[in-house]
Every structure is written in C-alpha cells, then in structure tokens.
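Novice: Below are the sequence and a predicted model for it; my questions follow.
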Amino acid sequence: MTKDSISARGDLRLTRITKSYGDFKAVDDLTLAIPKGSFFALLGPSGCGKTTTLRMVAGLEEPTVGSIHLGDTDITTTRPYQRPINTVFQNYALFPHLTIFENIAFGLRRRGIKDVKEQVDKVLSLVELPHLAERKPTQLSGGQQQRIALARAIVNRPALLLLDEPLGALDLKLRRQMQIELKWIQREVGLTFVHVTHDQEEAMTMADTIAVMNEGKIEQMGSPADLYDNPETAFVANFLGQSNLIKGKTDGNDGDNLVVDLYGQKISMPKKRSHAVDNSLYAGIRPEKFRISRLGTPVRGNTLTGGHIEDVSYIGVSTQYVVAMPWGQEVMVFEQNDDGVAPFDKGDEVNISWEPNFTFGLRGDEDIEAGTEVNPEELEGE
Amino acid sequence: MSFPKIRVPYLLLLPGFAFLFTFFILPIINLAQTSTQTPIAGGDTGEYEQTLAFGNYIQAFVDNKEQFGRSFVYATLATIFALAIAYPLAYAIAFKSGKFKNILLVLVVAPFFTSFLLRTIAWKQILGEEGFVVPGLRSLHIIGQQTTLTSTSVAVVAGMTYNFLPFMTLPLYASLERIDPRTIEAAGDLYANGITAFRRVTVPLSLPGVVAGTLLTFIPAAGDYVNAAILGSPNTKMIGNVIESRYFKIVDYPTAAALSFTLMAAILILVTLYIRKAGTEELV
C-alpha cells in the first residue's frame, strides 16, 4: 500500500475524523471532501482545529478515529514522506544550511528525479526569483522566503498542496499581492490547494470553496458568495463580515415567502433562506443591504420604522451609520456615497429597508455573539 | 560627569584586558624568555641565564616525540568517544525529554559539583581489580583473565572521555535545541525518511555544536596530565606529564617552557586546519 500511496491522485476525503488530546477534542467527527484541482480554504479562529486537520492530512499527526483517503488510496497512517502531499509551513521552515537552489531541489533529489536543474530553474522563474538560486534563506526578505517555500513544495507537483497560514508573517500590502499571485499560480499549475487561515478576507479572495471551522467541527461549507449571502449559523454570519441579527418569530406563509414578525413589524423573506427549526428565529441582514430613508419617504421591500441615527462615520467609499431601533437594538448600516443625497445626521428619524431576498434566517436559540470575539493572540499575529 | 559615547565600550573592556594582561600576557612573555635560557655555568640547580638558545626547542621536541604523539592520539580518541556518547544524549535532551529537560541538563553538569581530581581517582576504583568493570568484562571473555585496566591507555582515554563529556554535551545540546523542529518536519514532508532527514538536516544544522564541542574537548585533553598521572603508567605519559615533571621535579624550566610553546603551536595549527575544513563561517 505504501508503495502506491506516493502516486495516489484524486479527491481528498476525510471521513469521520476525530483527534483527541486527552479530554480535549481538537477535531470532532469531521467529514470533508475536497475535489481534485480546487482551491479549498479551511477558515476559523485560532484553536478551531484547522491546523490539526491540515497536519493530519500532511501525516504529521495521526487521527484518533477516522480515515483519510486520497482518491482510492487510504493514507490515514501513511508516513509523511510516503504521501504525495507537500506543505508550505507557516514560518516557511526553509533549510537554513542549504542554498535556495538546494532547498527547492530537496524533494526532487529524495525521489531520485533526473532533471533537477531544469525543474528547479523552471519553478524559480514561476515565482520570479531566478536570480536568488545561490543565496541562503536568511539573505531573503519575508516575501521572497514565502515564494521559495511555495516553490519548494510545488516543484514536486504533489497531488495536494497544503498551505498553513502562508501569508501570516507578511505585511498587509504584500499579503494582498501574494493572495493574487497564489491564486494565479494555483491556476497555472492546476494542483489542489488546501489553505488554512484565520483571515476571512484572505479565504474569500483566494478559495473556490471555504469550510468554516469552529470548535473542531465544520460550521458551514460553500463558495465565498454562498457563505456570505446565506450563512446558516450565527458563527458564520459574524465571522465572515458583519451581520445584523434581529430576533423575531414566523407569522405564517405568503407563497414561497415566510412572514416574520420583528418586534411587531412584519417583513417577508424566502422560505429556503431560513435555517430556523421552529417559529423562533433571527432575521439576518448584512449592513450594506440596508437602505436608510427619511420618515414618510415611500420605500420598496421590507421596512422597519421608528429608528434614529445614533452615530455617523464617513469613511470615503461609504458612510457607516449606527441606527437605534425602537426595541433598543443598534443596527449597522453601510451606505455607498454614490447617490448625491445629503447624508443623514445624528438624531435624524429614519426608516431602514431592504430587499426581502437578502434576508437570511437563523435558529432562534443561537448565540448571536458567536464568532464576534476578537482573539488578542490573533491580533498580535497580524 | 559624562564620557563621549564612543569611549564607553572601551571602558567596559578595561577590567578584562587588565586581568588578561597581568595573568596571561605577562606570564607568557616570561615563559617565552625562559624557553631560550641555558644553565649558568657552575650555578646551582634551577639557575638559568638568557642565551637565546633556540636549540632548546629542537632538543625538547626530539626527546619527547613519543609523548607528543601520544597526547594527540589520546585526545583525538577521547574526542571521538565523547562525541559518540554526547550526540545521542544531547539529541535526546533537546528533542525527546519533554518536561525532564531541565533535570537532565542539571545531571549533565552535576559532576562539576565534585572535584575533578576526586572523580578521576574514583575511576581508578571503578577500573580496579575490586571494581565491577574488570570482573564483568572477564566473565564475558571480552578481556583475558590476567588483563587489568588500570595503568593502561584504555583507562587514560576512558578517564579523559568521561571528564570532558559535559564540555561536548552542552554545546551540542545548545545547537540541537536551536533547530526549528519544523525544518525536520519539512524534510519529512519533502520525501526524506527519518534517517535521511537526520543526515541531511539535523546533522548539518548541529555542526556548529559539533565544532564547539570537539574543540572544547580536544584542546584541554591534548594538554591534560591528570588522567595520565592517576589512571596511567610510565608507558602512557602524555606531554602534560612531561612538562609537569620537567618543571616541578627536574627544575628544567627552559625545556618545560619550550615544550609548552610547542604544544600551544601544535594545537593552534591543528585547530585552525580543523575549523577551515569544517567551514564554520559558512554555517548559520
């Protein structure tokens, strides 16, 4: 089996994986399929189990329960060096005693590949650093080291490339640039990329499919647009962007729509966008989906009335309002500064309205603060 | 009172420099002068005059070739054995000891709490007829029934290996400890099995420790005389023993001084060649 594992190709399947450390379950009964050729992101806060999952795929940890398949080959207990999987480590883990050329050639030489020079040169031009071949890793900048770590992995043309917070150590501008470059390289080489990150923007920019992880489980999986437009849990709604979650209860049907009562005001939303299990639910609306209008102005769609502007922040492309609603909740509204309408002032009496199709419904027993906490350790890592 | 900023570093150097000047530079100049002296005609034992007799060096070397050779052979053997014992030990402490790391490090240093001499004398007991080593080896037929270990080169090399082991272990530990375990994981990720990863990544990255450890063992071992004096016999005399007896017993200061300088020069040359070869400046 181990002889064949190195040439295994195909989709990656994790089946009912659990990883326990004593009583603590880092990964809890996780099942996941990653199609060949996709750019897949595991997104979640630190400690959610995403890195443990990645290390199990790499073979650096063994699952307590469950199995990992690559195509038809079971690789659950295969040693790391017998897996057709390469990793871009968080701190790059380049070999400090070897030149850049030898760093990249390391995997090729171990497998006895013939045209080492040609392949290394090719991948060095792919990452646009052919002039650095004879340098040592410590002579390179962070961004250059990052590209060499990537080159060292993809030169082996693995069935699966794992990226563990690969851009975490770079500054913001370089990170944006590398996001675009990584995405381009992935298309160019056509490998399956599995990317672990806590940065939701990074995941949304690069990945075709994102799995949001929390406490060892997958909260929701889908395309970036799916996850953003129709989150199924409060954690996803809050972790990816911002959400306004307003408590309510269903109050009958209207064709394909649900009628929902929010503190006495009726709104409607598509039935298929509600993930509630009973009458009690939270109606979720993204801040940029709201429109603000002065009292008495006719508006289309769902309307909530009786609010007043609590706070105004002008930030160029948009203006952010905090609107206090009559039931005491403050909602966030982002308005594009594109309509020439005079902005609203603090204290103005307003209605807020939105398209019914933009509403999503969450279970009424959710913790609406889930996913909003900022972990101080992560801020340090920025 | 304020000094211009540039002077402060030199002021900090002053105490160390003054100490080294008084207790190292001056004595060494004195030693150099002594090495070319000859006995005063008709003078007492121990009375010498400066005659710039550089022939002392040749005479001293020719008379003691054997002891010189033995010193470097013993020191080399002790260094090799110490490396063979210390590397696995330092590796285990650095990577596999978990919460026992500090306890093990204290144990490595623990022999220093007892005097060097006392420990060497203890080895005489261990390797003696009444110890457990000799009867044990005899019953396993590894050594003959009449063979003894005390007063042999085996005992001297064993004692030196033991005495210098911590000097080998600590620098090795320090350099192994500095290795980012993720580079070893990365080697595994890049198709290197355990042995290859060790050979291609761990060993090269620990070379600075190997160089430091071997120097800290070899240099004092080459000049050592305590182990040969306590555990050896006249047939295992090292150059240190010769210098000691020339100085304190025969009161032949010029020969002792010439031997000291020759030993120093030989060590310097060997160490320079070794560092060149190991290419430490290339290492991180």
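Specialist: Great, that's in hand.

Novice: Kindly provide the distance from residue A:250 to residue B:235.
Specialist: 102 Å (CB to CB, to the nearest Å). Placement of C-beta: from N, CA and C, glycine included.

Novice: Next: residue B:254.
Specialist: Distance from residue B:254 to residue B:235, by CB to CB: 26 Å.

Novice: So for these two, which residue has more residues nearby?
Specialist: residue B:254 (23 against 10; other CB atoms under 10 Å in any protein chain shown).

Novice: Secondary structure element holding the more buried one?
Specialist: Secondary structure assignment for residue B:254, by DSSP states H and E: helix B:253-278.

Novice: Do that helix and chain A come into contact?
Specialist: No - Helix B:253-278 stays clear of chain A (CB under 8 Å from any CB of the partner chain), getting no nearer than 12.7 Å.

Novice: phi, psi of residue B:149?
Specialist: Main-chain dihedrals, residue B:149, degrees, to the nearest 10: phi -110, psi -30.

Novice: residues touching it, list them.
Specialist: B:127-128, B:133-134, B:137, B:143, B:155 (CB atoms under 8 Å, 6 or more residues apart in numbering or on different chains).

Novice: right, and residue A:362 touches residue A:281 too?
Specialist: Yes - between residue A:362 and residue A:281 there is a contact at 6.4 Å, judged by CB atoms under 8 Å.

Novice: more neighbours, those two?
Specialist: The neighbour comparison of residue A:362 against residue A:281 (other CB under 10 Å) goes to residue A:281, with 27 against 23.

Novice: Can you verify the more buried one is assigned to a strand?
Specialist: Yes - counting by DSSP: H, G, I helix; E, B strand; the rest coil, residue A:281 is part of a strand.

Novice: Surely it is in contact with residue A:259?
Specialist: No - Residue A:281 lies out of contact with residue A:259 (CB under 8 Å); the separation is 11.8 Å.

Novice: low pLDDT regions in the stretch 51-200 of chain B?
Specialist: Nowhere does the stretch 51-200 of chain B drop to pLDDT under 70.

Novice: interface residues of it facing chain A?
Specialist: B:180, B:182-183, B:185-193, B:196-197, B:200.

Novice: Kindly supply the PyMOL command isolating those of the residues you listed that are buried.
Specialist: Remark: buried members of those, expressed as a PyMOL selection using 16 or more other CB atoms under 10 Å in any protein chain shown:
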select buried, chain B and resi 180+182+183+185+186+187+188+189+190+191+192+196+197+200
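
Novice: What backbone torsions are found at residue A:18?
Specialist: The phi/psi pair for residue A:18 (degrees, to the nearest 10) is phi -130, psi 140.

Novice: hang on, isn't residue A:5 packed against residue A:83?
Specialist: Yes - contact status for residue A:5 versus residue A:83: in contact at 6.2 Å, counting by CB under 8 Å.

Novice: These two - which one has more neighbours?
Specialist: residue A:83 (26 against 19).

Novice: burial of the closest residue to that one other than its chain neighbours, as a residue count?
Specialist: Nearest residue to residue A:83, sequence neighbours excluded (CB to CB, 6 or more residues apart in numbering or on different chains): residue A:59, at 5.2 Å. By other CB under 10 Å, 23 other residues sit near residue A:59.

Novice: pretty sure residue A:59 contacts residue A:76?
Specialist: No - using CB under 8 Å, residue A:59 is not in contact with residue A:76, being 9.2 Å away.

Novice: where in chain A is pLDDT low?
Specialist: In chain A (pLDDT under 70), the answer is A:1-4, A:340-342, A:373-382.

Novice: rerun at 50
Specialist: A:1-2, A:376-382 (pLDDT under 50).

Novice: Helices of that one, start to end?
Specialist: Remark: helices assigned in chain A by DSSP state H are A:2-5, A:50-58, A:100-110, A:116-126, A:142-154, A:172-189, A:200-206, A:224-229, A:234-239, A:376-381.

Novice: which residues touch the longest one?
Specialist: The reference is to helix A:172-189. Contacts of helix A:172-189 (CB under 8 Å, 6+ apart): A:39, A:126-127, A:142-143, A:146-147, A:150, A:154, A:157, A:163, A:166-167, A:170, A:193, A:202, A:205-206.

Novice: buried subset of the residues you listed?
Specialist: A:39, A:126-127, A:143, A:146-147, A:150, A:154, A:163, A:166-167, A:170, A:193, A:202, A:205-206.

Novice: you'd agree residue A:34 is up against residue A:53?
Specialist: No - using CB under 8 Å, residue A:34 is not in contact with residue A:53, being 10.9 Å away.

Novice: what about these two, which has more around it?
Specialist: Legend: neighbour count by other CB under 10 Å for residue A:34 and residue A:53, higher for residue A:53 (29 against 22).
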